[in-house]
Structure formats: C-alpha cells, structure tokens
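1. predicted model and sequence follow; I will ask about them next.
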Amino acid sequence: MSRSSSLRYYVLARLLLAPLMLWTIATLVFLLLRATPGDPVDVILGPRAPQAVKDALRSQLGLDKSLPVQYIDYFLKLVRLDLGTSLTQGDPVTKIIHDFFPATVELAVCSMAIALLVGVTVGILTASRPNTPLDTAGRLFGIFTYSVPLFWLGMVFQLIFAVQLGWFPQGTRFPITQPAPIGPTGLYMLDSLLSGNLSQFFITLYYLALPSLTLGILLSGIFERIVRVNLKQTLQADYVEAARARGIPETRILLAHALKNALIPVITILGLTLAAMLGGAILTEVTFSWPGLASRLYRAISARDYPTVQGIVVFFAAIVVFASIAIDILNAYVDPRIRY
C-alpha cells in the first residue's frame, strides 16, 4: 500500500472514531456530574426555598425524570447538535460558547505564540552549547516550568506587575470606560484590525499580556525540552558530521540542517499541548478573572449547571479530537518517513 493510500485510510479511520470518542466523553461527563454531590435546584433557589417550589422547578428542568430518561433526552439533543439551555443563565449553551469562546481563543493563541517563541529559542541555545552553564540553566528552566503551579505564578505576577508596579491591568479583557471592538469574529485583536482601529488593537494586546505571558511561559518548558533533546541527537547525526567535514559554518548547520528535523516532534506535541492549554486556560482565566469560556465552565461547575458543563466539555473535546487529527496529517506531510 502506498504512503498516500495508507494515510487516507488512517485519516478515515480517525474520522470514523471521532464520534465514538466524543460520545464516550459526553457519557462520562453526564454520569460524573450526576454522581457529584449537590443539587442545581438548591443552587438556583437556595436551600431554604419551599419544597413545593423546588419540586416545581425540578420538574420544569427535567431533573425529576429517571437517569436513563435524562440520558436519552441528552443524547438525542446532542445528535441534533443541541447542547441544551443553561439552568442558571437561561441562555442556550451554543450562545454561551459563541459569547465567551473568542476570549479563550485570543488567550490560547497568544500563549501558544509565547510558548513556541520562548521554548524553541531556549531549546536551540541550550542544545547548541551542551555541558555549559547555559545548558544547566535551560534544564533548570524546564524543571521550573513543569513544577510551578500556574495559579501561584499567576498570583505572583499579578502582585508584582499589576499591583506593585502597575505595569499591567487585571481582571478584565478591555477597559470598561472605552467601547470594545465590534466585529463579526468576536476576537478583539482581529476585529480591531478589520475596522482599522490600531488603538483598540494595542489596548487588547496590553490587557492580554499578563495572562498570556503566565500561561505561555509555563507551557514553553514542554517545547524547550523537546527541542533541546532532539536537537542534541540531531547534531550528532552522520549527515551533520558530513556537513561539518565539508566546511559548512556551524550556524548554518544548526539552522538549515539540524533544526528542521529537530522541530518535527514539536508539530506532534502541538496537539497534546492544545489539551494542556485548555486545562491551563481554566486556571489562568479564573486566576486573572479573564472572561473566557474556561472561566464560564468553572462557574457552571460551581453552580451544578449540567447542560452548560456538558456542552462546554464536549465542545472542548471536539476541538482536541479534530486538532489531533489535523496534527497527524500535517506531521505526515512534514516527515515523509511516517507510515500509517
């Protein structure tokens, strides 16, 4: 079987398995939510509300039905791409995703850009100077980014750079005293550029800086370690030694020959980092009071808002599943050695 045919069969198999994976995740979330202590009716009405009022609201929300009936109703809605209606807010979950997801996208994109820039740069510098103080510093940097809790670093950054020094704002996405960018995407950076308002663009970047730096720095350790280890191995390969024997400058060997192959695993790790970033976005958005979808998920969990939690988790899971498939396809085209 040719490489292109095997790749097509692999992609087709992954696409066919994607609904099964999403169904499994949706089922687990459905069961775990109902196994968790707490009643949405008590959250909405309070524990002192009359029992008759509670029973009426529980019937209205469909929570008085048996668990299998609730699951069948939920699954039938999910098949129709109906994520339900928020128990606490009253809005469709799709509207909540539409309103809050752009803020999470901006945070994730900026954080990923910082993580790639810092991680790849530190990885190249440390790998090109093995067994030196710079290499040791790179190792310590990787350990630091792996071990430091995100919420702790976020609070420290806010205390130093926002409270003490006053360099950055905190607790919002855009100043409430100014009109926010309006556009078709909901992404403030893109909408401000489309409208030609550079002032709004730079204000958006200013408010994004501190949370995206926090998440980006901690995620950069993943790329630093991957690049450093693979680049060290690549620099010892036979074709690199042959290039040195031909008198090619070391910088050209590093950037034009070794780095390209060392970056192949980075493409693969992007899919896994996406999942880590969605998890890290929850802590980042809660720590910085960032009005994104992950922060909205945290509030929905606290309020036992079943439809909102289920809808957002399934939405995040779909992103991870299809991003993983896209990364596999991209990796196959970048690295011709890959066979499926």
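-> Received, thanks. Being a predicted model, the structure only gives us computed values, none of them experimental.
2. hey, let's count contacts and neighbours off CA atoms from now on
-> Fine.
3. ok, the closest residue in space to Thr126 that isn't next to it in sequence - contacts?
-> Ranked by Cα to Cα, 6 or more residues apart in numbering and with sequence neighbours excluded, the top spatial neighbour of Thr126 is Asp135, at 4.4 Å. Applying Cα atoms under 8 Å, 6 or more residues apart in numbering, we find Asp135 in contact with 125-127, 129.
4. from those, which is closest to Leu235?
-> Nearest to Leu235 among the contacts of Asp135: Ala127, at 8.7 Å, using Cα to Cα.
5. and the gap between that closest one and Leu134?
-> 9 Å (Cα to Cα, to the nearest Å).
6. with Arg246 instead?
-> 28 Å.
7. again, but for Leu283
-> Leu283 is 31 Å from Leu134, where distance means Cα to Cα.
8. neighbour-wise, which of the two wins?
-> The residue with more neighbours, out of Leu283 and Leu134, is Leu283; 22 against 16, by other Cα atoms under 10 Å.
9. find the helix or strand that the more buried one is a member of.
-> helix 264-288 (DSSP states H and E).
10. can I get the CA coordinates of the helix or strand following that helix in PDB?
-> With elements assigned by DSSP H and E, the helix or strand that comes after helix 264-288 is helix 293-302. Only the C-alpha atoms of helix 293-302 are listed here, as PDB (Å, rounded to 0.1, in the frame of the first residue of the first chain):
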ATOM      1  CA  LEU A 293     -15.200  30.000  28.100                       C
ATOM      2  CA  ALA A 294     -13.000  28.200  30.500                       C
ATOM      3  CA  SER A 295     -13.900  30.600  33.300                       C
ATOM      4  CA  ARG A 296     -17.500  30.200  32.400                       C
ATOM      5  CA  LEU A 297     -17.100  26.400  32.700                       C
ATOM      6  CA  TYR A 298     -15.700  26.900  36.200                       C
ATOM      7  CA  ARG A 299     -18.700  28.900  37.200                       C
ATOM      8  CA  ALA A 300     -21.100  26.300  35.700                       C
ATOM      9  CA  ILE A 301     -19.400  23.500  37.600                       C
ATOM     10  CA  SER A 302     -19.700  25.500  40.800                       C
END
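11. helices or strands next to helix 293-302 in the packing?
-> Judged by 3 or more Cα pairs under 8 Å, 6 or more residues apart in numbering; DSSP states H and E, helix 293-302 is in contact with helix 93-127, helix 264-288, helix 306-334.
12. any buried residues in the first one, and which?
-> To tie it back to what came earlier, the one meant is helix 93-127. Neighbour counts using 16 or more other Cα atoms under 10 Å place 93-94, 96-97, 100-108, 110-112, 114-127 of helix 93-127 among the buried residues.
13. with stretch 197-214 instead?
-> Neighbour-count burial for stretch 197-214 [16+ other Cα under 10 Å]: 200-201, 203-205, 207-214.
14. domain map for the protein?
-> Split into domains by automatic domain parsing, the chain comes to 3-79, 93-302.
15. tell me where the stretch 1-150 of the chain is predicted with low confidence.
-> Filtered on pLDDT under 70, the stretch 1-150 of the chain yields the residue ranges 1-7.
16. what about the helices in it?
-> Ranges of helices within the stretch 1-150 of the chain are 3-35, 40-45, 51-61, 67-79, 93-127, 133-147, 150-157, based on DSSP state H, counting those that start in this stretch.
17. quick one: the shortest one to chain centroid distance?
-> So the one you mean is helix 40-45. With Cα atoms, centre = their mean, to the nearest Å as the basis, helix 40-45 stands 30 Å off its chain's centre.
18. which helices and strands sit right next to it?
-> With contacts taken as 3+ Cα pairs under 8 Å, 6+ apart, helix 40-45 sits against helix 51-61.
19. now the helix it packs on, how far from the centre of its chain.
-> On Cα atoms, centre = their mean, the centre of helix 51-61 falls 37 Å from that of its chain.
20. all set, thanks.
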